[in-house]
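Trainee: fold the stuff below for me.
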Amino acid sequence: MIIKDPKISIIIPIILLILSILLIGFKGIPKSIDITGGTEITIEVKEKVDITKLKEELGDLADVKELKAANGYFIVIRCKTENVDIVKQKILEFFKVDSLDKLNYSEKVVGPTLSSKFFEEGLKAVGFAFLFMAAVIYIVFRNPVVSGTIIFCALSDIIIALGGMSLLNIELSSATIAALLMVIGYAVDSNILLTTKLLKRSYEEFDEIYKEAFKTGLTMTLTTITAMLILLVIVKLFVPIADILSNIASVLIIALIADIFNTWFLNAGVLKILKLRVKNF
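Mentor: Model prediction:
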């Protein structure tokens, strides 16, 4: 692969970034009860249950989904704490019982104070990680344009991952926040590989060195994407109740695909323009 027109190569990931921002702005990102607070009711059943009527009965009061496990199925119902009494009554009517004790039933409550603390600490972790990464990148390269491009690529990876979460209705939770932290590391790794190799060579050698770096970097990224795809397929087919793992895998796959565009199109395009226009760069 060769960057023939660096301006066009820069435009492609920028369009992806803008689309992601629009998606987040208009559609939003679903949040788990880890973030919003609320009640999660889990009912284990031996056989598959048609939950369509239950969904209709609950409407906007709760989110209902069914997960398959090795020994049966789990019906998971998430709602705001203030709606829990109404939701419980609807569950009793749906299963035609007079007490929840007659069901294989469990309940988890996350208070608004605790959930807001989780969210606040999660954002702080991502923010501090990003700031320290930016500081280290600037110290290493000592060039505002080069450092700024790498930092922008990492930020773009995160935003596009959030856009993908919005599109695919992947909940923002403590687990997916951890996945976003991992994204920073992957983004920096590929961009440093590319930037380090290209800065040491002249403009005339750019295409040759770019192809070598692209082959190495793409192999690393595709290996990780493949591993995450395998994890996603295994979870979806055999352990669907472990939806936290599938969410983490999905976020990383989206971010790594975004990183291919941001590293090998955007960052490479900027570096090629700098090599062309700035002497002794």
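
Trainee: confidence score at the spatially closest residue to Cys79 that is not a sequence neighbour?
Mentor: When the adjacent residues along the chain are set aside, Cys79 lies closest to Ala62, with 3.7 Å between them (Cβ to Cβ, 6 or more residues apart in numbering). Yep, even glycine has a C-beta here, placed from its N, CA and C like the rest. For Ala62, the pLDDT comes out at 81.

Trainee: over to the one 5 residues further on?
Mentor: At Leu67 the predicted local distance difference test score is 79.

Trainee: check Met133 too.
Mentor: pLDDT recorded at Met133 is 87.

Trainee: wouldn't it be in contact with Val183 here?
Mentor: No - using Cβ atoms under 8 Å, Met133 is not in contact with Val183; the gap is 11.0 Å.

Trainee: quickly list what's touching both of those two.
Mentor: Both Met133 and Val183 are contacted by Ala154, under the criterion Cβ atoms under 8 Å, 6 or more residues apart in numbering.

Trainee: which of these two has more neighbours?
Mentor: Set Met133 next to Val183 and count neighbours by other Cβ atoms under 10 Å: Val183 wins out with 24 against 17.

Trainee: which residues touch the more buried one?
Mentor: By Cβ under 8 Å, 6+ apart, the contact set of Val183 is 154, 157-158, 161, 251-252, 255, 259.

Trainee: do that again at 10 Å, thanks
Mentor: 126, 129, 154, 157-158, 160-162, 251-252, 254-256, 258-259 (Cβ atoms under 10 Å, 6 or more residues apart in numbering).

Trainee: also Lys48?
Mentor: Residues near Lys48 by Cβ under 10 Å, 6+ apart: 66, 68, 72-73.

Trainee: farthest pair in those?
Mentor: Glu66 and Gly72 (10.6 Å; Cβ to Cβ).

Trainee: what packs against the helix or strand containing Ser20?
Mentor: Assessed by DSSP states H and E, Ser20 sits inside helix 6-27. Packing contacts for helix 6-27, counted by 3 or more Cβ pairs under 10 Å, 6 or more residues apart in numbering; DSSP states H and E, involve helix 144-168, helix 243-261, helix 268-277.

Trainee: out of those helices, the one nearest Ile15 is which?
Mentor: Across the helices and strands packed on helix 6-27, Ile15 has its closest neighbour in helix 243-261 (9.5 Å, Cβ to Cβ).

Trainee: from Ala69, how far out is Val145?
Mentor: 52 Å (Cβ to Cβ, to the nearest Å).

Trainee: how about Gly25?
Mentor: Using Cβ to Cβ, Gly25 is found at 37 Å from Ala69.

Trainee: kindly report the same for Leu61.
Mentor: 25 Å.

Trainee: between the two, which is the more surrounded one?
Mentor: In this view Leu61 and Ala69 are compared by other Cβ under 10 Å, and Leu61 has more residues nearby, 16 against 13.

Trainee: quick one: that one and Ile41 touch, right?
Mentor: No - between Leu61 and Ile41 there is no contact under Cβ atoms under 10 Å: 11.9 Å.

Trainee: hang on, the earlier thing: could you single out the nearest of the contacts of Val183 to Ser106?
Mentor: Comparing these against Ser106 with Cβ to Cβ places Val251 closest, at 26.8 Å.

Trainee: give the rounded mean pLDDT of stretch 35-49.
Mentor: Averaging pLDDT along stretch 35-49 gives 81.

Trainee: give me the buried positions along that stretch.
Mentor: For stretch 35-49, burial by neighbour count (16 or more other Cβ atoms under 10 Å) applies to 35-43.

Trainee: which of those residues fall in helices?
Mentor: 35-36 (DSSP state H).

Trainee: show me the helices in the stretch 1-150 of the chain, by range?
Mentor: Secondary structure of the stretch 1-150 of the chain, counting by DSSP state H, counting those that start in this stretch: helices at 6-27, 33-36, 52-58, 84-95, 112-141, 144-168.

Trainee: out of those, flag the one nearest Leu229.
Mentor: Going by Cβ to Cβ, the one of these nearest Leu229 is helix 144-168, 14.5 Å.
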